[in-house]
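Visitor: got a predicted structure plus its sequence, pasted below:
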Amino acid sequence: MIRKSLLFVALCLLSIEYSVAQDIPSIVDIAQAFADNRLDRMEADCRARIEADSTDDAALYYLGLYLCSTGDLDAAKDCIDKATALSPDNSAYLETALNLAYDRQDQNTVAEICRKLVRMSPAKYRTPYVLTMLGDAELRNRRDSTAMKYFQEALDIDESYASARLAIADVYFARRNYPAFFVEMYKIARSPYLEPEGVCNCINAFLQKVDSRFFQVWGKQLDELATAPLEVNPTDADCLALAGWWFYSSGRPEKALEHFETMEKESSDSYSARNNLLTFYMLEEDYGKALSQCLSMLSECKLSDKEKAALLGTAGDCCYTLGKKRKTFSFYEKAISANPEDGLLLNNYAYYLCEEGGSLKKAEEISRRALELTPESPSALDTYGWILYKMHKPAEAKPYFKKAIIYGGKDNANVLEHYSKVLEALGEKDLANYYKNLSEKNSK
């Protein structure tokens, strides 16, 4: 009788244990939830498994992935570190730990994990990517020579690996070995294996930092660098834009125009490509040609509603500058119809109505809507305050100008001038004179 009772108790305990185990989500289910982007479910399941067994390395790993997706990198690192400590040779854990360390710019940990991965499986991990990460880690620890060996090894495996090539170029630049720097950059610029957009972004990031002194000495090499991608992709819009804007920023608009006009011929239906020539005309204050370009793009390009609205608004701006006020209003009506949620368009239209004797009531309604969409825009605050001033409501206008100045209008001559007139209307003459003088200084 006693033996039967003990057996019954044992079976009950096993049944309870089995029932509890059945309630714990499986790692397969958690992995599937991650793949399906059901992150809330994934988090709950991971925590349930960890509560049942704090040494569940797989659950810790997936919880770390979830925390990465939320941006909580500190907590993610803690989970991944625990998972890696429990299973130190799991390459998936190590790869995630590596990416976390890289994002956190923890170069010592990056180097340590990279070396471990390479030792574990040289065939799999002695790749240009890992070698470049090792080089970056050495570089951050000021071991340039060791870093260069890693970068060169990466290129020995894959000569088109741009990250390693760019890292070598950066080392040469830091050493002020500019001839060697340009040699490496030319190889990137002329690579037939790289996407033109990425090449141009890389070169443009460098050209943006060039100052006049560097240009005076190395101008010829810089010109070659800016135009080298065209040798491989002569009709590519990104390559043409890179060259065009380089020549424009270095004071050679005629050369810039040549590249923008080539882009026009090669990308006649592309808004983004043809917008370069439009921007060029606007910067050159050639509003007649800019207007023609707008009209041409409106009829020939494939446009989204936002792009159409932007072109119509620019056409309206051109007409306003050219004295064609009625056409200005017509273009802006069409622009707002195409994109009624564009605060900039609404603000500009309201300002034009206010300045050109249009309905102040209509201008105030449009400006209020612009302000609702862009409540911290100094331009929108200025416009609304200015309309209230014109409606003989200076006391109501004043708070909007105070906000405009707080949000960046303190350096805008028009905002300051308008505010001075509001203050004058309120009898605050000393303060009005202060902002009037400030406006005159900013307008010079």
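Guide: Arrived safely. Numbering: from 1, shown residues only.
Visitor: point out where this protein drops to low pLDDT.
Guide: 1-22 (pLDDT under 70).
Visitor: point to the residue nearest the middle of it.
Guide: With distances taken as Cα atoms, centre = their mean, residue 201 lies nearest the centre of the chain, 12.2 Å away.
Visitor: can you mark which positions in the host helix or strand of residue 110 are buried?
Guide: Using DSSP states H and E, residue 110 falls within helix 107-120. Neighbour-count burial for helix 107-120, counted by 16 or more other Cβ atoms under 10 Å, picks out 107, 109, 110, 111, 113, 114, 116, 117, 118. Every C-beta, even on glycine, is put in place using the N, C-alpha and C of the backbone.
Visitor: want to throw those into a markdown table with distance to residue 300?
Guide: Shown next, in a markdown table, are those (distance: Cβ to Cβ, whole Å):
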| residue | distance to residue 300 |
| --- | --- |
| 107 | 51 |
| 109 | 54 |
| 110 | 50 |
| 111 | 54 |
| 113 | 53 |
| 114 | 52 |
| 116 | 58 |
| 117 | 53 |
| 118 | 55 |
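Visitor: closest to residue 170 among those residues?
Guide: Among the buried residues of helix 107-120, residue 107 lies closest to residue 170 (Cβ to Cβ), at 15.0 Å.
Visitor: nearest to residue 146, of the buried residues of helix 107-120?
Guide: Within the buried residues of helix 107-120, the smallest distance to residue 146 is 10.0 Å, found for residue 111 (Cβ to Cβ).
Visitor: doesn't residue 139 make contact with that closest one?
Guide: No - the pair residue 111 / residue 139 is not scored as a contact, 10.5 Å apart, by Cβ atoms under 8 Å.
Visitor: mind giving me the packing neighbours of the helix or strand harbouring residue 344?
Guide: Counting by DSSP H and E, the element that carries residue 344 is helix 343-355. Other helices and strands packing on helix 343-355, by 3 or more Cβ pairs under 8 Å, 6 or more residues apart in numbering; DSSP states H and E, are helix 305-321, helix 325-338, helix 360-373, helix 378-390.
Visitor: okay, these, which one's buried deepest?
Guide: Most buried of the helices and strands packed on helix 343-355 by mean neighbour count (mean count of other Cβ atoms under 10 Å) is helix 378-390; its value is a mean of 25.
Visitor: contacts for that helix, please.
Guide: Residues outside helix 378-390 that contact it (Cβ atoms under 8 Å, 6 or more residues apart in numbering): 343-344, 347, 350-351, 354, 360, 363-364, 367-368, 370-371, 373-374, 394, 396-401, 403-405, 407-409, 412, 414-415, 418-419, 421-422, 425.
Visitor: and if you look at stretch 94-113?
Guide: 61, 64-65, 68, 73, 76-77, 80-81, 84, 114, 116-117, 133-134, 136-138, 140-141.
Visitor: filter the residues you listed down to the ones in helices?
Guide: Counting by DSSP state H, those place 61, 64-65, 68, 73, 76-77, 80-81, 84, 114, 116-117, 133-134, 136-138, 140 in helices.
Visitor: buried ones among those?
Guide: 61, 64-65, 68, 76-77, 80-81, 84, 114, 116-117, 133-134, 136-138.
Visitor: just to revisit the earlier point, buried sites along the helix holding residue 344?
Guide: Within helix 343-355, the residues scored as buried using 16+ other Cβ under 10 Å are 343, 344, 345, 346, 347, 348, 349, 350, 351, 352, 353, 354.
Visitor: may I have it as CSV, with CA atoms only?
Guide: Only the C-alpha atoms of helix 343-355 are listed here, as CSV (Å, rounded to 0.1, in the frame of the first residue of the first chain):
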residue,chain,number,x,y,z
GLY,A,343,3.9,73.5,-44.4
LEU,A,344,6.5,75.3,-46.4
LEU,A,345,4.3,75.8,-49.4
LEU,A,346,1.4,77.0,-47.2
ASN,A,347,3.7,79.4,-45.4
ASN,A,348,5.1,80.9,-48.6
TYR,A,349,1.7,81.3,-50.2
ALA,A,350,0.3,83.0,-47.1
TYR,A,351,3.3,85.4,-47.1
TYR,A,352,2.9,86.3,-50.8
LEU,A,353,-0.9,86.9,-50.3
CYS,A,354,-0.1,89.2,-47.3
GLU,A,355,2.6,91.1,-49.1
